[in-house]
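Trainee: Please work out how this folds:
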Amino acid sequence: MYDDNCLFCKIIKGEIPSNKVYEDGDCYAFRDINPQAPVHILVVPKHHIVSVGDIDGTNSVYAAKCLEAVAKIARQEGLDSGFRVISNCGDDAGQTVHHLHFHILAGRSMGEKLV
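Mentor: Sure thing, here's the model as predicted:
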């Protein structure tokens, strides 16, 4: 379930402090320490999955639970005017922690372009 060498697994287990905004039996969410928008929250499954590219029939429920948590967090944070959800997949996409996670970005107009 956990990878002892994974930064996010250590955060989930409480070994590394974080600014938690949400937690349930399947997911953990916390504020990014290097925010790219006024609101920047990371949502991670408590089950270690490397990235979206590693989701399959045995673990897709954890990704689905994270997306359900994204919706709850958006309501909790009052993100009524909109938010963006991003998941980087692999080094070339900018994934720096190899544990599936979804970025919730909000708090400013981001326009249509992703980059």
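Trainee: Low-confidence stretches in the protein?
Mentor: The chain contains residues with pLDDT under 70 at 115.
Trainee: contacting residues around the residue nearest to Ile41 when sequence neighbours are not counted?
Mentor: Excluding the flanking residues, the one nearest Ile41 by Cβ to Cβ, 6 or more residues apart in numbering is Ile104, at 4.3 Å. All C-beta spots, glycine's among them, are computed from the backbone N, C-alpha and C. Applying Cβ atoms under 8 Å, 6 or more residues apart in numbering, we find Ile104 in contact with 29, 39-43, 70, 73-74, 77, 79, 83-85.
Trainee: could you redo the last one with a cut-off of 10 Å?
Mentor: The contact partners of Ile104, by Cβ atoms under 10 Å, 6 or more residues apart in numbering, come to 21, 29, 31-32, 37, 39-43, 69-70, 73-74, 77, 79, 83-86.
Trainee: Among the residues you listed, the buried ones, what's the ChimeraX command?
Mentor: For the buried members of the contacts of Ile104, the matching ChimeraX selection, counting by 16 or more other Cβ atoms under 10 Å, is:
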select :21,29,32,37,39,40,41,42,43,69,70,73,74,77,79,83
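Trainee: In helices only, show me the contacts of Ile104.
Mentor: 69-70, 73-74 (DSSP state H).
Trainee: Who's the closest spatial neighbour of Ser81, skipping the chain neighbours?
Mentor: Here the residue nearest Ser81, using Cβ to Cβ, 6+ apart, is Ala106, at 7.8 Å.
Trainee: Also Lys13?
Mentor: Tyr2 (6.7 Å).
Trainee: Now do the one you found against Arg84, distance only.
Mentor: Note on Tyr2: its distance to Arg84, by Cβ to Cβ, to the nearest Å, is 28 Å.
Trainee: correct me, but Glu23 touches Pro45?
Mentor: No: using Cβ atoms under 10 Å, Glu23 makes no contact with Pro45, being 11.7 Å away.
Trainee: list the residues that contact both of these two?
Mentor: With Cβ under 10 Å, 6+ apart, Glu23 and Pro45 have common neighbours 12, 69.
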